[in-house]
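A.B. asks: for reference, the sequence and a predicted model appear below.
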Amino acid sequence: MTSRYLPWSLSAMVITLSSFTVHADATNQQVRTEPRGFIYGVGVGLNQELYQDYRRRVVPIPIVGYRGERLSVYGPFVSFDVIKDEHMTVSLRLAPRFAGVDESDSPVFAGMEKRKTSMDVGAGIQLNNQNWRYEVAILADALNNSNGYEISSSVGYFYQTGPFFIEPKLSLYHSDSKLVDYYYGVRPDEATAQRPAYRAGSVINYGAGVSFATPIFAGGMTRLGLEHRWYGDSIADSPLTDRRRGFQMFFSYSRFF
């Protein structure tokens, strides 16, 4: 049986929350220097699945990480800032794509070859204009599983109310045909009378969400991310799915050693 996984949308949420909290930490301490050091904690992800008979899953995420001047490690998510100033950050990124499934996860996968989890590498650029944040990133499969890639873009507004830091955000995700077909396609030799062969094309998905962070609990940083996602036809029309929208949540608590 495959391990419980984060969908790629929730992976993006984790990356967003880890960078989002840097702003919260710095603002809370009222200093220009971001806090640095080793981090530990625990997180949990909740995903509303699109696959038939596979409605939701809960994903525990142990967090051991590090935040330096340029290097940030948040559990299995890693970024290195190549360029960084007050208004722009260009970073290299490494992130797992916990999107694998096998026959034990749902009857709809019976007789299908396992779809594997993978590791993505890529880069992103973030622009900050006062409280507004604009971001574009590209991540591509590094383990030759799907051999696909995803481009994400977002706009968010970061603000503080008391000890709480909030960022509502709108996002757009373009996944290429190789990525979508690997996880939502049905190969000809996997087709049945109830599950016809299906070749998925590229897709654009839309998201609307909000992130929260606060340092008021037990001397650490508590984070909560919520996102509602609308999926394009190439995913919604797959014989493996029976819905076109879903909800993701990520919650974590972490602190410096």
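C.D. replies: That came through fine. Numbering: from 1, shown residues only.
A.B. asks: ranges for the strands of the chain?
C.D. replies: For the chain, applying DSSP state E gives strands covering 37-48, 56-67, 71-74, 77-84, 88-97, 118-129, 132-141, 149-157, 159-161, 164-175, 203-214, 221-230, 245-256.
A.B. asks: so can I have CSV of those showing mean neighbour count?
C.D. replies: To be clear about C-beta, it is placed using only N, CA and C from the backbone, and glycine gets the same treatment. Listed next are those as CSV, based on neighbours: other C-beta atoms under 10 Å:
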stretch, mean neighbour count
strand 37-48, 17
strand 56-67, 15
strand 71-74, 20
strand 77-84, 16
strand 88-97, 19
strand 118-129, 17
strand 132-141, 18
strand 149-157, 18
strand 159-161, 11
strand 164-175, 19
strand 203-214, 19
strand 221-230, 20
strand 245-256, 19
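A.B. asks: point out where the stretch 1-150 of the chain drops to low pLDDT.
C.D. replies: 1-34 (pLDDT under 70).
A.B. asks: now the strands of the chain in CSV, with distance to residue 184?
C.D. replies: Output for the strands of the chain, formatted as CSV (distance: least, C-beta to C-beta, whole Å):
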stretch, distance to residue 184
strand 37-48, 15
strand 56-67, 17
strand 71-74, 28
strand 77-84, 24
strand 88-97, 14
strand 118-129, 15
strand 132-141, 15
strand 149-157, 13
strand 159-161, 37
strand 164-175, 10
strand 203-214, 9
strand 221-230, 14
strand 245-256, 13
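A.B. asks: out of these, which is closest to residue 110?
C.D. replies: The closest of those to residue 110 is strand 56-67. By C-beta to C-beta, the value is 18.7 Å.
A.B. asks: quick one, the closest one and strand 77-84 angle?
C.D. replies: Put simply, strand 56-67 runs at 50 degrees to strand 77-84, going by axes from the mean of the first three to the mean of the last three C-alpha atoms, to 10 degrees.
A.B. asks: adjust the sequence numbering to begin at 30 for everything that follows.
C.D. replies: Sure, I'll start counting at 30 from here, so that last one is strand 85-96.
A.B. asks: who touches stretch 149-167?
C.D. replies: Stretch 149-167 is contacted by residues 48, 108, 115-126, 168-171, 178-188, 196 when judged by C-beta atoms under 8 Å, 6 or more residues apart in numbering.
A.B. asks: just how off-centre is that stretch within its chain?
C.D. replies: 14 Å (C-alpha atoms, centre = their mean, to the nearest Å).
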